[in-house]
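Trainee: I'd like to go over a predicted model; first the sequence, then the structure.
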Amino acid sequence: MIEVFNDAKRGTLSAWSWPSREVVQIKKSQLNLLEPPKKIDIKEGDLQYINPTTHNELLNSIVETDKPLLMNKLKTALAISLRVDGSIDRTQVDNIHVLAKIITTNGDSELVFIGFKEPIQKRAIGYYEVIKSLIRELMSFEDFLSILSSIATDGASVNIGQKNGLWALIDSNRCSNNIQGPLLKMWCAVHRSALAWGQLTSNVIEVHKLIVACSTISSYFHQSGFRTKELKDIANNEGMSFIQLPKYFEVRWTEFTYNLLLGILKNWRILVKYFLKKKSENNDVKSEGFYKILTDYDKMMLLCFLTDLGYLYGRFQKQIQTDDVLIFVRTRSSSCRHRP
């Protein structure tokens, strides 16, 4: 047996340790205990490796090579629909992603990725400056506004605010450049449905309390690896399947709440046996409280209903991830000439 060990800050295989692991694998394949040791024979091309730094440079080269083609597509487009989405990732970086749906000179539609960047300023002006800087890397921002036909964002006030929202800033810039064409402003249906789900889980007190209780149960096991091990042992002894309970993650709230409720429901028998055991052995008040929640008939009926609803809601969100537009409210907007 031949093994290789590398110094690593984390207990996982690092991309930087790949060459040494590959050399060991080649050595193992050539090893024959019945013959004298031979010098390792590494042929040209066996160790072609791109480390993380050079891989980043390679990706940048690909982007720079394709950049003139993207610039030409935007400059010759008959119409452009702008897509803007800002979200905080797991590293707490608030990136603004900018895409565009364009109509080419042939009349075909194509979705292109313009770029993403972290805003320097707060609120809508930060979003606006990010869009402006990304567009200016490809073409004149004024020319871009002249062929901009629509913009799609979520329904946050930073986007749809009547005075200082992103929509208002783009309208103001179009007016200052004497661009008279209409601009269609759209809410992303997935974001709007996620907003409705968020309001349901926060405004309906019974739903809110149940989700908080389930989240507390999940956190109870994530705080201790030994508790999770005990839970898995009960599942193995009873011949039941155990699924990992998700960690709290507010950004993808719809996805998190569904996975949380589904995890509690699928692990229900295991959880009840665990808390019943802890309650009887140690007189643990917290375990007794969790046991009462999981054995409350009304709460479990609500849990089943919300899990089914979350499943259907997730399928519904996938269905509406299209480029279709549904216009159900029409409001008259004042023209640029009437602006002060």
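Mentor: Nice, thanks for sending it over.
Trainee: what does the model give the spatially closest residue to Asp41 that is not a sequence neighbour for pLDDT?
Mentor: Counting by Cβ to Cβ, 6 or more residues apart in numbering, Asp41 lies nearest to Gln30, which is 7.1 Å off, once chain neighbours are set aside. C-beta here means a position set from N, CA and C on the backbone, and glycine is covered the same way. Note on Gln30: pLDDT of 75.
Trainee: separation between Gln30 and Leu59?
Mentor: For Gln30, the distance to Leu59 equals 34 Å [Cβ to Cβ, to the nearest Å].
Trainee: Those two - which one has more neighbours?
Mentor: More crowded of Gln30 and Leu59, by other Cβ atoms under 10 Å: Gln30, with 13 against 10.
Trainee: For the spatially closest residue to Gln244 that is not a sequence neighbour, give me its contacts.
Mentor: Distances taken as Cβ to Cβ, 6+ apart place Gly263 nearest to Gln244, at 7.2 Å, with adjacent residues excluded. By Cβ atoms under 8 Å, 6 or more residues apart in numbering, the contact list for Gly263 reads 218, 243-246.
Trainee: between the residues you listed, which has the most around it?
Mentor: Leu245 leads the contacts of Gly263 on contacts (other Cβ under 10 Å) with 23 neighbours.
Trainee: From what I see, that residue and Ile264 are in contact.
Mentor: Yes - using Cβ atoms under 8 Å, Leu245 makes contact with Ile264 at a distance of 7.3 Å.
Trainee: Can you check which residues contact both of the two?
Mentor: 217-218.
Trainee: Any idea what the closest residue to Leu78 other than its chain neighbours is bridged to?
Mentor: Leaving aside its sequence neighbours, Leu78 sits nearest to Ile103 (Cβ to Cβ, 6+ apart; 4.4 Å). Here Ile103 sits in beta bridges with Ala79, Ser109, going by DSSP bridges.
Trainee: tell me the contacts of Ile103?
Mentor: Contacts of Ile103 (Cβ under 8 Å, 6+ apart): 77-80, 109.
Trainee: Could you report the separation of it from Lys67?
Mentor: For Ile103, the distance to Lys67 - Cβ to Cβ - is 21 Å.
Trainee: Burial check on Ser193, number of neighbours?
Mentor: 17.
Trainee: now Thr257
Mentor: That count, for Thr257 with other Cβ under 10 Å as the rule, works out to 26.
Trainee: Would you check how far apart it and Cys214 are?
Mentor: Thr257 is 8 Å from Cys214, by Cβ to Cβ.
Trainee: and if you look at Thr254?
Mentor: 15 Å.
Trainee: In three-state terms, label Val112 for me.
Mentor: strand (DSSP: H, G, I helix; E, B strand; the rest coil).
Trainee: my read: it touches Leu70, true?
Mentor: Yes - counting by Cβ under 8 Å, Leu70 is a contact partner of Val112 at 6.1 Å.
Trainee: so what sits against both of Thr257 and Cys214?
Mentor: With Cβ under 8 Å, 6+ apart, Thr257 and Cys214 have no common neighbours.
Trainee: Need the nearest residue in space to Leu231, chain neighbours excluded.
Mentor: Using Cβ to Cβ, 6+ apart, the closest residue to Leu231 is Tyr274 (5.5 Å).
Trainee: So for that neighbour, what pLDDT did the model give?
Mentor: 89.
Trainee: List the buried residues of the helix or strand where it lies.
Mentor: Assigned by DSSP states H and E, Tyr274 belongs to helix 268-282. For helix 268-282, a neighbour-count test (16 or more other Cβ atoms under 10 Å) marks 268, 270-271, 273-276, 278-279 as buried.
Trainee: Could you look up the SS state of the closest residue to Asp85 other than its chain neighbours?
Mentor: When the adjacent residues along the chain are set aside, Asp85 lies closest to His97, with 4.9 Å between them (Cβ to Cβ, 6+ apart). Of the three states, His97 takes strand under three-state DSSP.
Trainee: my guess is His97 meets Leu82, correct?
Mentor: No - counting by Cβ under 8 Å, Leu82 is not a contact partner of His97; they are 11.4 Å apart.
Trainee: Counting neighbours, go ahead and name the busier of those two.
Mentor: Leu82 (22 against 16).
Trainee: before we move on, the earlier item: show me the contacts of Gly263 that map onto helices.
Mentor: If you go by DSSP state H, the contacts of Gly263 have Ser218 in helices.
Trainee: Now pLDDT and distance to Glu35 too, for the contacts of Gly263, in JSON lines please.
Mentor: Formatted as JSON lines, those follow (pLDDT from 0 to 100; distance: Cβ to Cβ, whole Å):
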{"residue": "Ser218", "pLDDT": "89", "distance to Glu35": "56"}
{"residue": "Ile243", "pLDDT": "85", "distance to Glu35": "50"}
{"residue": "Gln244", "pLDDT": "85", "distance to Glu35": "48"}
{"residue": "Leu245", "pLDDT": "85", "distance to Glu35": "53"}
{"residue": "Pro246", "pLDDT": "83", "distance to Glu35": "53"}
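Trainee: Quick check: the farthest pair among the contacts of Gly263?
Mentor: Farthest-apart pair in those is Ser218 and Ile243; separation 11.6 Å (Cβ to Cβ).
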